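Visitor: sequence and computational prediction follow.
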Amino acid sequence: MFIAAKGTSSALPGPSLKRPRREPTMADSLPPIPSLNSDLYSVVSTHKSLRMEDENDECGSAERLGVLGKRVLAQAVATACFRKKPLLSAVDLETLIDERLAIDTIDTWVTKYELRKKFICPPDFPPNLFYPYVGAVYAQHGAQAVQNWIGKLVDPDFEQEDPTSKRFKSADAQSPSQPPPPLEPAPPLPQAAHPNPLTPAQPSTAFLPIFNQTAMQRRLLVTWQAASTGPPHAPAWSAECIVDGIVKGRGTGRSKQLAKEEAARQAFYNMGWAGNP
């Protein structure tokens, strides 16, 4: 029979209930980086020299996302600096924006987020790989997600603005869901509101440029998907107009351009930018 010695315990030590402590990383000092779906992550995380395909069906290449991301980043940084409290003078505001958009600053973010370890790219790849990631976040999650992320990255005290309120109000301000009057493309659409059944092609021919211009004014991400069937000498084209990841219009035609025109016309009405067709 086992007898415990005086002053000692016969109980064997049980397993520790404490979880192993995670080693802190440099990214812990930064706001969480938004996640991406597998398709977008594959595009932005692989150097173009190593990719099997250069294009993504919805957003295209990493280079396209980089062009978008660079502009979106600049706007998000400027907004965060503009809203910084106490308010900065014009000179200080411009200086701070330039500092936050400097290559050295972006390279620091890339290093702290350990993007070079996560991305399939050469070790000396320049810090502009941050731009495609920002563009991909915008494409998948929208402008507000980018602003919340970059805002905290620029200013830890950055507060998310309530999207249901407006910072600058006027007596005749409309609800946030209504587009501002100057952006309404009413003048170019006299025949679209009352289409002539004898000339159905006329209204559609003007919708693609009008749709693109209106979407750009509203800072919406528009992508297209088009495909053709039939013999090469007589193809039948179909096109989809995708706004912020949602199909808003479909069209068919004897050419890719005609199919896109029809899809743009349908998307224009589906977005509520004009009366019913």
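Guide: Thanks, I have the structure now.
Visitor: got any ranges where the protein has weak pLDDT?
Guide: Along the chain, the parts satisfying pLDDT under 70 run over 1-28, 47-58, 120-128, 161-206, 275-277.
Visitor: domain map for the protein?
Guide: What automatic domain parsing lists as the domains of the chain is 27-154, 187-270.
Visitor: Gln160 is nearest to which of those?
Guide: domain 27-154 (5.4 Å; CB to CB). The way it works is simple: take the backbone N, C-alpha and C, and place the C-beta from them, glycine included.
Visitor: where do the helices of the stretch 101-250 of the chain begin and end?
Guide: 103-112, 115-118, 130-141, 143-154, 190-193, 201-205, 207-217 (DSSP state H, counting those that start in this stretch).
Visitor: tilt between the third one and helix 103-112?
Guide: Here helix 130-141 points in a direction 70 degrees away from that of helix 103-112 (axes from the mean of the first three to the mean of the last three CA atoms, to 10 degrees).
Visitor: give me the residues contacting helix 130-141.
Guide: Helix 130-141 has contacts (CB atoms under 8 Å, 6 or more residues apart in numbering) with 33-34, 36-37, 40-41, 43-44, 58-59, 62-70, 72-73, 76, 106, 109-110, 115, 145-146, 149-150, 221, 245.
Visitor: can I get that helix in PDB? Just the C-alpha atoms.
Guide: Once non-C-alpha atoms are left out, helix 130-141 reads as follows in PDB (Å, rounded to 0.1, in the frame of the first residue of the first chain):
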ATOM      1  CA  PHE A 130      -0.500  46.400 -50.700                       C
ATOM      2  CA  TYR A 131      -2.500  48.200 -53.500                       C
ATOM      3  CA  PRO A 132      -4.000  45.000 -55.000                       C
ATOM      4  CA  TYR A 133      -5.100  43.900 -51.600                       C
ATOM      5  CA  VAL A 134      -6.800  47.100 -50.800                       C
ATOM      6  CA  GLY A 135      -8.500  46.900 -54.300                       C
ATOM      7  CA  ALA A 136      -9.600  43.400 -53.500                       C
ATOM      8  CA  VAL A 137     -11.100  44.400 -50.200                       C
ATOM      9  CA  TYR A 138     -13.000  47.100 -51.900                       C
ATOM     10  CA  ALA A 139     -14.300  44.700 -54.600                       C
ATOM     11  CA  GLN A 140     -15.500  42.100 -52.100                       C
ATOM     12  CA  HIS A 141     -16.500  44.200 -49.000                       C
END
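Visitor: so what's Ser38 up against?
Guide: Ser38 neighbours (CB under 8 Å, 6+ apart): none.
Visitor: on that earlier part again, of the contacts of helix 130-141, buried ones?
Guide: Neighbour-count burial (16 or more other CB atoms under 10 Å) applied to those gives 33-34, 36, 40-41, 43-44, 58-59, 62, 64-66, 68-70, 72-73, 76, 106, 109-110, 115, 146, 149-150, 221.
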